[in-house]
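Have a look at this fold, sequence not included:
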Ligand code: MRU
């Protein structure tokens with residue numbers, strides 16, 4: 001995506017987040033001047049998607065340190081104590097995407113090691129910058145591996161938005177599609193609308209159209225029929241957290257798509273950076289699943305669509321069992337079953 005509309009931009013003082021709540025109607029930026037602004041940006045889904053959340057959190061951590069050191073003139077123990085609160089505030093925004101905690105921990109390591117170093121702020125800013133620059137490089141590498149799995153002429157179904165908007169740029173699942181197209185293959189995309197937040201209809205369709213990639217939006221309940229009609233050759237989705245056994249938490253509805261893909265003998269691929277693998281979480285049932293406001297289900301297009309007082313359940317993610325996943329595409333290569341082994345190997349130093 002061109003720099004003008006990049007998901008997040010660091011200008012040396014502020015973090016500018018493309019306000020994804022307003023897409024596709026408006027392209028506006030939300031300016032984060034301090035750590036609390038970044039927490040709001042993540043909690044309110046101004047920025048969303050696991051890698052983009054992680055990169056934003058890293059800049060939030062830097063802005064928090066800067067505020068405490070420059071405005072509140074804290075140092076030493078007091079600074080360490082208050083930085084725990086900053087980490088807690090940013091870490092409490094969204095529980096499922098592990099990249100949030102991964103990025104905060106990476107920042108905290110630099111902070112603790114250099115707390116008395118006069119260059120602390122510079123080192124933290126550099127770390128946050130590296131996390132975001134690495135994300136683009138990782139997505140491009142992942143894309144190259146994943147592109148090998150697609151054939152010229154394939155039509156790919158994707159769920160939610162795992163694209164440039166969910167990362168610093170290029171995307172994970174959509175990065176694979178971009179890389180396949182860049183290698184000369186003709187690829188078409190079906191995007192599930194992804195109720196209730198409509199990331200597929202609003203965001204995936206928007207960014208693919210901007211890149212002139214052939215995209216067709218369907219409602220979530222059409223996926224099975226579209227597969228039965230023989231229109232889909234592969235499914236590719238992103239991930240918010242991958243457990244050590246290969247179970248994958250991703251946007252609600254992903255599990256349903258994986259079951260349908262198995263029924264129709266369609267390969268189901270997950271594309272995610274290694275930072276999305278949570279080796280400490282043994283299996284999917286241990287992954288915390290975020291529940292969001294009932295209003296997201298109650299309202300559609302600004303109109304209340306349910307009878308007053310009806311009960312609502314709104315889990316934002318689900319878990320796809322590893323046996324439904326044909327391969328996990330990472331920047332370190334393509335992982336296959338048994339995932340406990342292929343994932344385990346990535347974490348042996
Ligand atoms: O609630 P969201 O929009 O943050 O959920 C995003 C997803 O589920 C994505 O598929 C996932 O984060 C992978 S993004 C590369």
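Right, received. Where do you want to start? Because the structure is a prediction, the values reported are computed rather than measured. Numbering: from 1, shown residues only.

Is the strand or helix carrying residue 130 in proximity to the ligand?
Under the criterion of DSSP states H and E, residue 130 resides in helix 120-147. No: on the criterion Cβ under 6 Å from any ligand atom, helix 120-147 is out of touch with the ligand, staying 8.3 Å away. Every residue, glycine included, has its C-beta placed from N, CA and C.

and that helix, which residues are buried?
Buried residues in helix 120-147, counting neighbours by 16 or more other Cβ atoms under 10 Å, are found at 120, 123-125, 127-129, 131-132, 134-136, 138-147.

Return the distance of it from the chain's centre.
Relative to its chain's centre, helix 120-147 lies at 14 Å (Cα atoms, centre = their mean, to the nearest Å).

Packing partners of that helix?
When contacts are defined as 3 or more Cβ pairs under 8 Å, 6 or more residues apart in numbering; DSSP states H and E, helix 120-147 sits against strand 8-10, helix 50-66, helix 98-113, helix 173-182, strand 268-271, strand 327-330, strand 333-335.

Of all the ones you listed, which one comes closest to the ligand?
Taking Cβ to the nearest ligand atom as the criterion, the ligand comes closest to helix 50-66 out of these, the separation being 3.7 Å.

Go through the helices and strands packed on helix 120-147 and pick out the most buried.
Counting by mean count of other Cβ atoms under 10 Å, helix 50-66 has the highest mean neighbour count of the helices and strands packed on helix 120-147, with a mean of 28.

Now do that helix against helix 120-147, angle only.
Here helix 50-66 runs at 180 degrees with respect to helix 120-147, directions being taken by axes from the mean of the first three to the mean of the last three Cα atoms, to 10 degrees.

can you state the direction angle for helix 50-66 and helix 98-113?
Compare the direction of helix 50-66 with that of helix 98-113 by the same axes, to 10 degrees and you get 30 degrees.

same for helix 50-66, what does it pack against?
Helices and strands touching helix 50-66, by 3+ Cβ pairs under 8 Å, 6+ apart, are strand 8-10, strand 15-18, strand 29-32, helix 35-43, helix 76-91, helix 98-113, helix 120-147.

near the ligand, anything from the next helix or strand after the last one?
What it means is helix 120-147. Scanning forward in sequence from helix 120-147, with DSSP H and E defining helices and strands, the next element found is strand 155-158. No: counting by Cβ under 6 Å from any ligand atom, the ligand is not contacted by strand 155-158; separation bottoms out at 8.7 Å.

What strands line up against strand 155-158, and which way round?
Looking at strand 155-158 with DSSP bridges, its partner strands are strand 188-192 (parallel), strand 234-237 (parallel).

Show the average pLDDT along the helix holding residue 130.
The predicted model gives helix 120-147 an average pLDDT of 97.

again with stretch 98-112
Stretch 98-112 shows a mean pLDDT of 98 in the predicted model.

How far does it sit from its chain's centre?
Relative to its chain's centre, stretch 98-112 lies at 17 Å (Cα atoms, centre = their mean).

and the protein, which residues reach the ligand?
Going by Cβ under 6 Å from any ligand atom, the residues of the chain near the ligand are 48-51, 97, 160, 162, 166-167, 172, 199, 237-240, 250-251, 316.

Can you report how many residues lie near the residue of the chain found nearest the ligand?
Per Cβ to the nearest ligand atom, the residue of the chain with the smallest distance to the ligand is residue 238, at 2.7 Å. With neighbours defined by other Cβ atoms under 10 Å, the count for residue 238 comes to 30.

ok, it - contacts?
Under the criterion of Cβ atoms under 8 Å, 6 or more residues apart in numbering, the neighbours of residue 238 are 49, 50, 160, 162, 166, 171, 172, 173, 250, 270, 271, 272.

Helix or strand for the closest residue to it other than its chain neighbours, just tell me which one.
Of all residues not flanking residue 238 in the chain, residue 162 sits nearest, at 2.7 Å (Cβ to Cβ, 6 or more residues apart in numbering). Mapping residue 162 onto the secondary structure by DSSP H and E places it in no helix or strand at all.

hmm, back to that, a markdown table for the strands paired with strand 155-158, including mean pLDDT?
Compiled in a markdown table, these are given as follows (pLDDT from 0 to 100):
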| stretch | mean pLDDT |
| --- | --- |
| strand 188-192 | 98 |
| strand 234-237 | 98 |
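
Can you convert those strands into TSV and add a column each for distance to residue 260 and mean neighbour count?
Rendered in TSV, the data for the strands paired with strand 155-158 read as follows (distance: least, Cβ to Cβ, whole Å; neighbours: other Cβ atoms under 10 Å):
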stretch	distance to residue 260	mean neighbour count
strand 188-192	11	24
strand 234-237	8	26
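
In JSON lines: those, plus distance to residue 31.
Output for the strands paired with strand 155-158, formatted as JSON lines (distance: least, Cβ to Cβ, whole Å):
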{"stretch": "strand 188-192", "distance to residue 31": "30"}
{"stretch": "strand 234-237", "distance to residue 31": "31"}
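
Quick check: closest non-adjacent residue to residue 38.
Distances taken as Cβ to Cβ, 6+ apart place residue 60 nearest to residue 38, at 3.0 Å, with adjacent residues excluded.

how near is that neighbour to residue 284?
Between residue 60 and residue 284 the distance is 28 Å, computed by Cβ to Cβ, to the nearest Å.

same deal with residue 301?
33 Å.

who has more neighbours, the two?
Looking at residue 301 and residue 284 with other Cβ under 10 Å, you find the greater number of neighbours at residue 284, namely 21 against 6.

Tell me, how many residues neighbour the residue nearest to the more buried one when sequence neighbours are not counted?
Closest residue in space to residue 284, ignoring its immediate chain neighbours: residue 247 at 3.0 Å, by Cβ to Cβ, 6+ apart. For residue 247, the neighbour count with other Cβ under 10 Å is 24.
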